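S.K.: coords please:
(2 chains)
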Amino acid sequence: MSLWEATASALAAIWSNKMRSFLTMLGIIIGIFAVAVLISVMQSTTNNVTGSIEDVGSNIIAVMIQDRRIEVDLKDIEEIAGLPGVGPVSPLSQSRMTLKNGTESMQISVSAINSNYDDILRYEVQSGRFISERDDSSRLRVAVVGIDVAEELFGTLDVVGQKITIDGSPFTIIGLLEEQGDAMTGSGDEVALIPLSTGQRLMQSTRISSIYLSADDAQSVDLAMKSLNGYFSAMSADDENAGYSIFSQSSILELFNDLTSKLTALLSGIAGISLLVGGIGIMNIMLVSVTERTREIGIRKAIGATRANILTQFLIESVIVSALGGILGLFLARFGVGVIGRFMDMTITISSSVIALAIGFSMGVGVLFGMYPAVKASKLNPIEALRYE
Amino acid sequence: MGALIEIKDMYKIYEMGSERVHALDGVSLDIDEHEFVAIVGPSGSGKSTLMNMIGCLDTPTSGKYLIEGDDVSELTDKRLTVIRREKIGFVFQQFNLLSKSSALENVALPAMYMGLSRRERLKLAREALTRVGLGDRLGHRPAELSGGQQQRVAIARALVNKPPILLADEPTGNLDTKSGEDIMAMLKELHAQGNTIILITHDPDVAAHASREIHIRDGRIVSDTRKGGGGQ
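M.R.: Model prediction:
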């Protein structure tokens, strides 16, 4: 009996018991659906975020200061700018504030930065201008906004020269940023930038908690990281806990990839439990099927089927039930990621590796959980099996 | 060359709790090629046990069993299976056809386990079904056939691998008189064509069709008679 024929006869057996076969598959369908959707969503998110991190530019370095004892002031910023390998530097202070135009208002995180910020993050204005050194030194109440802010507050992109209030203080919009698309932290267009000095007054704090800078070029990133580490470790108050973190694009990517792969593993593990449950369901039904077909097994053995023949027959049946479940689960997952993609406003695809993994896994479950019933069938004594009513 | 089947001093002992039951109690028996033998006995006489032994479905506790000179009394399960499919064609009282398969597929089954291609085995199955007069019922399922027809399908299945031995266990037991006679006539005809037939029955009328009657009781052969004109 060729494998193809065994498959055909297994399909016939499955078809002759449609409802039961479907219910048997259900566990696998749900399991594969869950695994495929989770992995696909994670993969697509990762690709998206990785892409947007890469878009930002490969020279960018961020310093986050967690320890309040490390006090960074503008003099430090100047010194940092002079370190080897370091290019333009901008401090960044962020705070959630309320932006208002008459009755239209929105709450967003406002960034207080200096005039280097656009060079570091490669921002371009589509109209107006970016924040200048003079804006900063004169503490002017000017703001550069993203298109989402313009749309939300004014319903138009023609906003340069318009007045808004930020936490009650009047500001003039001097520039509108180019569209950024989605970034790591939500929409890249929902931004408002104000001069650092203005921001510090508004936030009533001179604390600088993060610094963005660019290395001179892609080759200088390591050198710049090293200089920064040297600079901040000298400021660090605590030997055990540095109190600051320095990220380059690649270290952020590494961190992110590490995080997502752990998360993916965790989530697939949870989804894998449903595969286990599905497998037990298959084993259960196959055992029932073996009992029901005891007589058939007896006949087959009497007329010349070997143990291996019987084993193969039942094993193929369980593998096919399971693989069909896997394929149905994948179809369902395709539909599922479409819906989720619409919600998350991104294109989620099921990669070929996920398809291979899903089909491989479901077949593996079929083999694993079909083995015991199949062995049981193959070991039946033909005399007793023929006597079975 | 010796007999087709040689059984020497065969014992089959079952342990039933503390009791030892001698289902076969020293049976010795030769059956030649082209014989038509009936093994006759009441239920509990050991005839079914003997059939299981001859059919290689079971192994004896002691004693020898040779088919065509090969000792099969101590073979493994796998070797016994191979002997069954090559040397023995079974006909059962309950027909034992696969209910979801057509007559043709049922008959082709032993040839499938022989490893023949689908084409070859369907050809052989068609021939065998034609031989038992069911050439026009190939696609019918067992439930769509009468009892007599089902038993003929079973006979075709027993013949498909062209085994040297045809082993029929109460082949008329589930049939009405008319169908039973048809089946016996067919077995006689197969015998006339040169097949070796071993018939297991409790019914003396059925046994009367055979050319040799072996009576068994309490696991022992009590008589072995060849009838004139029978045997070859």
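
S.K.: in what helix or strand does the spatially closest residue to B:V222 that is not a sequence neighbour lie?
M.R.: Computed as Cβ to Cβ, 6 or more residues apart in numbering or on different chains, the closest residue to B:V222 that is not its neighbour in sequence is B:H215, at 4.9 Å. (C-beta placed from N, C-alpha, C; glycine too.) Secondary structure assignment for B:H215, by DSSP states H and E: strand B:212-217.

S.K.: quick check, A:Q94 in a helix?
M.R.: No - counting by DSSP: H, G, I helix; E, B strand; the rest coil, A:Q94 is not found in a helix; it is strand.

S.K.: give me the element the residue of the stretch 151-300 of chain A found nearest chain B is part of.
M.R.: Nearest residue of the stretch 151-300 of chain A to chain B (Cβ to the nearest Cβ) works out as A:I299 at 4.7 Å. Following DSSP H and E, one finds A:I299 within helix A:294-302.

S.K.: Can you mark which positions in that helix are buried?
M.R.: A:294-302 (16 or more other Cβ atoms under 10 Å in any protein chain shown).

S.K.: How many residues are close by residue 10?
M.R.: You didn't say which chain, so I picked chain A. 20 (other Cβ atoms under 10 Å in any protein chain shown).

S.K.: Correction: the question concerned chain B.
M.R.: Neighbours around B:M10, by other Cβ under 10 Å: 23.

S.K.: helix/strand/coil for it?
M.R.: Following three-state DSSP, B:M10 is assigned to strand.

S.K.: so it makes contact with B:D58?
M.R.: No - using Cβ atoms under 8 Å, B:M10 is not in contact with B:D58, being 11.0 Å away.

S.K.: avg pLDDT for the strand or helix carrying A:G269?
M.R.: Counting by DSSP H and E, the element that carries A:G269 is helix A:249-292. Averaged across helix A:249-292, the pLDDT comes to 87.

S.K.: I'd like the distance between the residue nearest to B:V222 and B:P42.
M.R.: 10 Å (Cβ to Cβ, to the nearest Å).

S.K.: can you give me the strands in chain A?
M.R.: A:60-65, A:86-101, A:104-113, A:125-128, A:142-145, A:163-166, A:169-177, A:182-183, A:186-187, A:192-195, A:210-215, A:244-248 (DSSP state E).

S.K.: Could you do chain B as well?
M.R.: With strands called from DSSP E, chain B shows them at B:5-16, B:19-31, B:36-40, B:62-67, B:70-71, B:88-91, B:165-169, B:196-201, B:212-217, B:220-226.

S.K.: if I pick whichever residue of chain B sits closest to chain A, what's in contact with it?
M.R.: As assessed by Cβ to the nearest Cβ, chain A sits closest to B:R85 within chain B, at 2.4 Å. B:R85 sits next to A:303-305, B:110, B:113-114, B:161 when contact means Cβ atoms under 8 Å, 6 or more residues apart in numbering or on different chains.

S.K.: Not counting sequence-adjacent ones, nearest residue to B:M53?
M.R.: B:P60 (5.8 Å).

S.K.: The one you found contacts B:I13, correct?
M.R.: No - using Cβ under 8 Å, B:P60 makes no contact with B:I13, being 9.2 Å away.

S.K.: Who has more neighbours out of the two?
M.R.: Neighbours per residue, other Cβ under 10 Å: of B:P60 and B:I13, the larger number sits with B:P60, 22 against 15.

S.K.: quick one: that one and B:T49, what's the gap?
M.R.: Taking Cβ to Cβ as the measure, B:P60 falls 9 Å from B:T49.

S.K.: who in chain B is up against chain A?
M.R.: Within chain B, the positions lying close to chain A (Cβ under 8 Å from any Cβ of the partner chain) are B:52, B:55, B:57-58, B:77-78, B:81-82, B:84-86, B:90, B:92, B:96-98, B:100, B:109-110, B:112-115, B:118, B:157, B:161.

S.K.: low pLDDT regions in chain A?
M.R.: A:1, A:55-58, A:181-187, A:237-240 (pLDDT under 70).

S.K.: B:P163: what's it in contact with?
M.R.: B:86-89.

S.K.: Name the nearest residue to it, ignoring sequence neighbours.
M.R.: Using Cβ to Cβ, 6+ apart, the closest residue to B:P163 is B:G89 (4.5 Å).

S.K.: pLDDT value on that neighbour, please?
M.R.: Model confidence at B:G89 (pLDDT) stands at 94.

S.K.: Next, count neighbours for it.
M.R.: When neighbours are counted by other Cβ under 10 Å, B:G89 registers 29.

S.K.: cool, B:G63 as well?
M.R.: Neighbour count of B:G63, defined by other Cβ under 10 Å: 18.

S.K.: Is it correct that it is in contact with B:I13?
M.R.: No - counting by Cβ under 8 Å, B:G63 stays clear of B:I13, with 10.8 Å between them.

S.K.: Please list all residues in contact with B:T81.
M.R.: A:301, A:304-307.

S.K.: which among these are in contact with chain B?
M.R.: A:301, A:304-307.

S.K.: Just the closest of those residues to B:R126, please.
M.R.: A:G304 (19.3 Å; Cβ to Cβ).

S.K.: Leaving out the residues flanking it, which one is nearest to that closest one?
M.R.: B:R85 (2.4 Å).

S.K.: and what of B:R20?
M.R.: Nearest to B:R20 is B:I13, by Cβ to Cβ, 6+ apart, at 5.4 Å.

S.K.: do B:M10 as well
M.R.: Closest to B:M10 by Cβ to Cβ, 6+ apart is B:G63, at 3.4 Å.

S.K.: cool, B:A111 as well?
M.R.: B:R121 is the one closest to B:A111 (Cβ to Cβ, 6+ apart), at 3.5 Å.

S.K.: check contacts around that neighbour.
M.R.: Neighbours of B:R121 in contact, by Cβ under 8 Å, 6+ apart: B:108, B:111-112, B:114, B:160.
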